[in-house]
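Enquirer: sharing a model that was predicted from the sequence below.
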Amino acid sequence: LMRSIHGINTLWAMILLLAANGLPMAVFLYTSFIKSLPREVEESAIIDGCTYFSAFWRVTFHFLKPVTASLVILSGLGIWNNYGQAVFFLQRQEMRTVPLAVSMFFQKYGADWNLMAAAAMIGLAPAVLAFLAFQKYFIKGITAGAVKG
């Protein structure tokens, strides 16, 4: 399919493929999170004069920050560490992702443990920084709806 749509060695095809892979988890997380929100909050906004869309945009949408941060972290780490599809569909050297580049680095320099550890830390740094940036929302998103009071 990727060959027939001319998607080999193109970033748009990888983005489309990874978005399709992450879509079921996004639907599951957002659906369960929105179902756990109290309906009375949105109803009170409608009573105060909001339309259904306006109530969603002004009230419900702001509650979605924790689940969005959780989804960004979980899906983002999966995309960042994606090796399987990238090794097949991104074959040119300038198109390689970080895990592919680290793998090629290991193949080139062998068992030089200092270089291998440095390459792994460089590849891991953006994921750690993203987690630290979204950590507050990630904890809220994971624990939201777990205990109803």
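Expert: Done, it's in.

Enquirer: packing partners for the longest helix along the chain?
Expert: If you go by DSSP state H, the chain has its longest helix at helix 113-143. Judged by 3 or more Cβ pairs under 8 Å, 6 or more residues apart in numbering; DSSP states H and E, helix 113-143 is in contact with helix 65-80, helix 98-109. Placement of C-beta: from N, CA and C, glycine included.

Enquirer: report the mean per-residue pLDDT for the shortest one.
Expert: Yep, that's helix 98-109 we're talking about. For helix 98-109, mean pLDDT rounds to 82.

Enquirer: residues contacting that helix, please?
Expert: Here helix 98-109 makes contact (Cβ atoms under 8 Å, 6 or more residues apart in numbering) with 80-83, 86-87, 90, 96, 115-116, 119-120, 123, 126.

Enquirer: let's go with 10 Å and repeat that
Expert: 80-84, 86-87, 90-91, 93, 96-97, 112, 115-116, 118-120, 122-127 (Cβ atoms under 10 Å, 6 or more residues apart in numbering).

Enquirer: show me what contacts residue 3?
Expert: Residue 3 neighbours (Cβ under 10 Å, 6+ apart): residue 89.

Enquirer: below-threshold pLDDT in the protein: ranges please.
Expert: 138-149 (pLDDT under 70).
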